[in-house]
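A.B. asks: Next one to model:
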Amino acid sequence: MNMLYVQPIGFIRSKHIKAENTPIQPIYAEECVGTVEILPEYEDGLTDIEGFYHSILLNWLHESGACKMLVKPFMEDTEHGIFATRSPSHPNPIGLYIVRLIKRVGSLLSIQGVDIPDGTSVLDIKPYSSLFDCFPNARNGWQEAITSKDGARRGVRGCRISAGKDIIL
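C.D. replies: Here you go, the predicted model:
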């Protein structure tokens, strides 16, 4: 098998020190703000990113645990296949996050909806586009049985700050 090599283009800065205390998904982290610090050699790649309301971050989840093929997601007490969950402990621990882009200053991006631990490597950034990334009639599998109230009860962890405060730029 061919080896794949990736290297970070930057790092996340957030108030989340321990992965187990972070909110579960960006929707439960709306009040959490942070910064993406892009390495200087990639700064030109941020040109025109300010025109997008959201960005998709691909991250290496360096704190994820051992991968198991069956896991109990945070919103359920039933096991599901790892590829039917957003557990961080996949065979390749790559995280996908959609965050609100607040502003850019040089190689720093101020973001909101941060459910990412401090120091997490950023592998790539892509703009979120409602023209291409929104599927209104999508099925949600086993997640359709979960109420928004129960999701919020289980998903909101470790972030109780106002969205207007603590922007790191």
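A.B. asks: Could you measure from the closest residue in space to His54 that isn't next to it in sequence over to Gly34?
C.D. replies: Once flanking residues are discounted, His54 sits nearest to Tyr128: 3.7 Å by CB to CB, 6 or more residues apart in numbering. No exception for glycine: its C-beta is placed from N, CA and C like everyone else's. Counting by CB to CB, to the nearest Å, the gap from Tyr128 to Gly34 is 17 Å.
A.B. asks: these two touch, right, the residue nearest to His54 and Tyr53?
C.D. replies: Yes - counting by CB atoms under 8 Å, Tyr53 is a contact partner of Tyr128 at 7.3 Å.
A.B. asks: more neighbours, those two?
C.D. replies: More neighbours surround Tyr128 than the other of Tyr128 and Tyr53, with 16 against 12 (other CB atoms under 10 Å).
A.B. asks: ok, the more buried one - contacts?
C.D. replies: Tyr128 makes contacts with Phe52, Tyr53, His54, Ser55, Ile56, Ile98, as judged by CB atoms under 8 Å, 6 or more residues apart in numbering.
A.B. asks: confidence score at the residue of the chain positioned farthest from its centre?
C.D. replies: Distance from the C-alpha centroid of the chain peaks at Met1, with 28.9 Å (CA atoms, centre = their mean). Looking at Met1, its pLDDT reads 77.
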